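A.B. asks: Structure for this input, please:
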Amino acid sequence: MALTPSRSDQLRSDAIQHLRAGEAGKAQELLERLCAPESGVEPQWLLLAHACRMLGDDSGEEAALHKLLAADKRHLAALLLMGELKARTGDDRAANSFYRTALNVASAGAAVSPDLQAKLNQAEGFLAGAHGRFEAFLLQKLKDTGLSDDDTPIPVRHAIDLLMGRREIHYQKPSLFYYPGMPQREFYERSEFPWLAEMEAAIPAMQDELRQVIDRTREFDPYVQGQPNRPRPNNPLLDDPSWGAHYFWKDGVEITDNSRHCPATMAALAAAPIPVIQERSPMALYSVLEPGTHIAPHFGMLNTRLICHIPLILPPECGLRVGSETRAWKAGEALIFDDSFEHEAWNRSDQRRVILLFEIWRPEISEAERGALTTIFEAINAYQKPVEI
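C.D. replies: Modelled structure (predicted):
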């Protein structure tokens, strides 16, 4: 039988009084009448859920909350109560989902009463604990398969970091040319490049040559320089020698005034798979960061190459972030990364940092592809270039 508005108001008022008095059974009976399909009035699912909770009726509470969320999927109180119910009954995954949704709803501007704020704080506490419980469970499962922390492949570790929210997803966004199908990897490992061992063995000789260069050089040229026939780059270090450069190869041309003084460095570079592209590559230089210098986040031009760093002068408090991963240079070890990801570097020490920087072909690109890409890049350079007469 349909209820009149006055009768439904009276039933709701009586139910609330029973709840306040701790008489959950009497409240449930009245609220079920209000929630019956034939009542013809707005169901009181939230009050019914409260009554069921007081009675320890988990299935009744869940059914009432499901009804409410079916009508309003972003009902903050219902989401929080459902998260609490799932946590209480041992379903961490479901509780995690409801609690996260509730926190998202609250952050989007939903009205939050003081009692709901307390439940939001409870949700945050639960998520922090569940996060740790799940990670411990996951790592134990990996150990059960025979994988120790040291044996776990790096991509697997990164996937776990993404799953646990310790890393953000970053993508290649080269400013000039994007080549499809390349792995989305910020860093590569030294063991993947056998030729690096010979280059790293030459670091002491290269450091000797660097010291001689420094003895002859008061100040290095700025790495970022404006060009008269191009717009000036929007870079805080424009024309600033705080980020300095000393080139051995620049735009495919050997800078013999520099290279002739550093035979060990040039011999080491000869072993690397450096692209040879007219007016573009080889490219190799000392990259200098003076004390207190910060290279702001930026993207490289291409995703067809990797950048190699060989540390030659390495003070403390220097670092490099590529995408979501930050690494510090290590003495005697190369660092290889994809600069088409957003990246930044800093020297927070009171000493100069110097690395040998050069580019190499990505190992995933075949010889045939390298030939085609070389043609493309040289065509870009040649397009509309004035013809010399």
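A.B. asks: tell me what the longest helix along the chain is packed against?
C.D. replies: Under DSSP state H, the helix in the chain containing the largest number of residues is helix 114-144. If contacts are counted by 3 or more CB pairs under 8 Å, 6 or more residues apart in numbering; DSSP states H and E, helix 114-144 sits against helix 76-88, helix 92-107, helix 154-163. All C-beta spots, glycine's among them, are computed from the backbone N, C-alpha and C.
A.B. asks: mean pLDDT for those: which is lowest?
C.D. replies: Comparing mean pLDDT across the helices and strands packed on helix 114-144, the weakest is helix 154-163, with a mean of 77.
A.B. asks: With just CA atoms, put that one into CSV.
C.D. replies: What follows is helix 154-163, C-alpha atoms only, in CSV (Å, rounded to 0.1, in the frame of the first residue of the first chain):
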residue,chain,number,x,y,z
ILE,A,154,64.1,-4.0,-13.6
PRO,A,155,60.9,-3.7,-15.7
VAL,A,156,59.1,-5.9,-13.1
ARG,A,157,60.3,-3.7,-10.3
HIS,A,158,59.1,-0.6,-12.2
ALA,A,159,55.7,-2.2,-12.8
ILE,A,160,55.4,-2.9,-9.1
ASP,A,161,56.4,0.7,-8.3
LEU,A,162,53.7,1.9,-10.7
LEU,A,163,51.2,-0.4,-9.1
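A.B. asks: Dump the helices and strands packed on helix 114-144 into TSV; add mean neighbour count and distance to residue 28 as well.
C.D. replies: TSV is the format used below for these (neighbours: other CB atoms under 10 Å; distance: least, CB to CB, whole Å):
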stretch	mean neighbour count	distance to residue 28
helix 76-88	22	16
helix 92-107	18	23
helix 154-163	13	41
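A.B. asks: Measure how the longest helix of the chain sits relative to helix 154-163, angle-wise.
C.D. replies: Angle of helix 114-144 versus helix 154-163, following axes from the mean of the first three to the mean of the last three CA atoms, to 10 degrees, is 170 degrees.
A.B. asks: Would you mark the buried spots in helix 114-144?
C.D. replies: Of the residues in helix 114-144, 116, 119, 120, 123, 126, 127, 130, 142 count as buried by neighbour count, 16 or more other CB atoms under 10 Å.
A.B. asks: still on that earlier bit, rebuild the helices and strands packed on helix 114-144 as JSON lines, extending it with distance to residue 262.
C.D. replies: Listed next are the helices and strands packed on helix 114-144 as JSON lines, based on distance: least, CB to CB, whole Å:
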{"stretch": "helix 76-88", "distance to residue 262": "64"}
{"stretch": "helix 92-107", "distance to residue 262": "56"}
{"stretch": "helix 154-163", "distance to residue 262": "34"}
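A.B. asks: And the strands in the stretch 251-389 of the chain?
C.D. replies: Using DSSP state E, counting those that start in this stretch, the strands of the stretch 251-389 of the chain run over residues 253-254, 284-289, 294-298, 305-313, 318-322, 325-327, 335-337, 343-347, 353-361.
A.B. asks: Sheet-wise, list the partners of the first one with their directions.
C.D. replies: Yep, that's strand 253-254 we're talking about. strand 243-250 (antiparallel) (DSSP bridges).
A.B. asks: hmm, who's touching the strand it pairs with?
C.D. replies: 213, 217, 219-224, 237, 254-255, 258-259, 262, 265-266, 269, 274, 281-290, 293, 295, 358 (CB atoms under 8 Å, 6 or more residues apart in numbering).
A.B. asks: Could the C-alpha coordinates of that strand be exported in CSV?
C.D. replies: Included here for strand 243-250 are C-alpha records, laid out as CSV according to Å, rounded to 0.1, in the frame of the first residue of the first chain:
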residue,chain,number,x,y,z
TRP,A,243,75.6,25.0,-18.1
GLY,A,244,78.7,24.9,-20.2
ALA,A,245,79.9,22.9,-23.3
HIS,A,246,83.2,21.9,-24.8
TYR,A,247,82.6,20.1,-28.1
PHE,A,248,84.6,17.4,-29.7
TRP,A,249,81.9,16.9,-32.4
LYS,A,250,79.1,19.4,-33.0
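A.B. asks: That one versus strand 353-361: what angle between them?
C.D. replies: Between strand 243-250 and strand 353-361, the angle comes out at 40 degrees (the same axes, to 10 degrees).
A.B. asks: Buried residues of strand 243-250, list them for me.
C.D. replies: So, applying 16+ other CB under 10 Å, buried residues of strand 243-250: 243, 244, 245, 246, 247, 248, 249.
A.B. asks: Pull the distance from that strand to the chain's centre.
C.D. replies: Chain-centre distance of strand 243-250: 30 Å, with CA atoms, centre = their mean, to the nearest Å.
A.B. asks: Quick one: work out the angle between that strand and strand 294-298.
C.D. replies: For strand 243-250 against strand 294-298, the angle by the same axes, to 10 degrees is 70 degrees.
A.B. asks: tell me the angle of strand 243-250 relative to strand 284-289?
C.D. replies: Using the same axes, to 10 degrees: strand 243-250 against strand 284-289 is 180 degrees.
A.B. asks: by contact count, what packs against the helix or strand containing residue 7?
C.D. replies: Element membership of residue 7, judged by DSSP states H and E, is helix 5-20. Helices and strands touching helix 5-20, by 3+ CB pairs under 8 Å, 6+ apart, are helix 24-35, helix 45-55.
A.B. asks: quick one: contacts of it?
C.D. replies: With CB under 8 Å, 6+ apart as the contact definition, helix 5-20 has outside contacts at 3, 24, 26-27, 30-31, 33-34, 39, 41-42, 44, 47, 50-51, 54.
A.B. asks: wouldn't residue 176 be in contact with residue 301 here?
C.D. replies: Yes. Counting by CB atoms under 8 Å, residue 176 does reach residue 301; the two are 3.9 Å apart.
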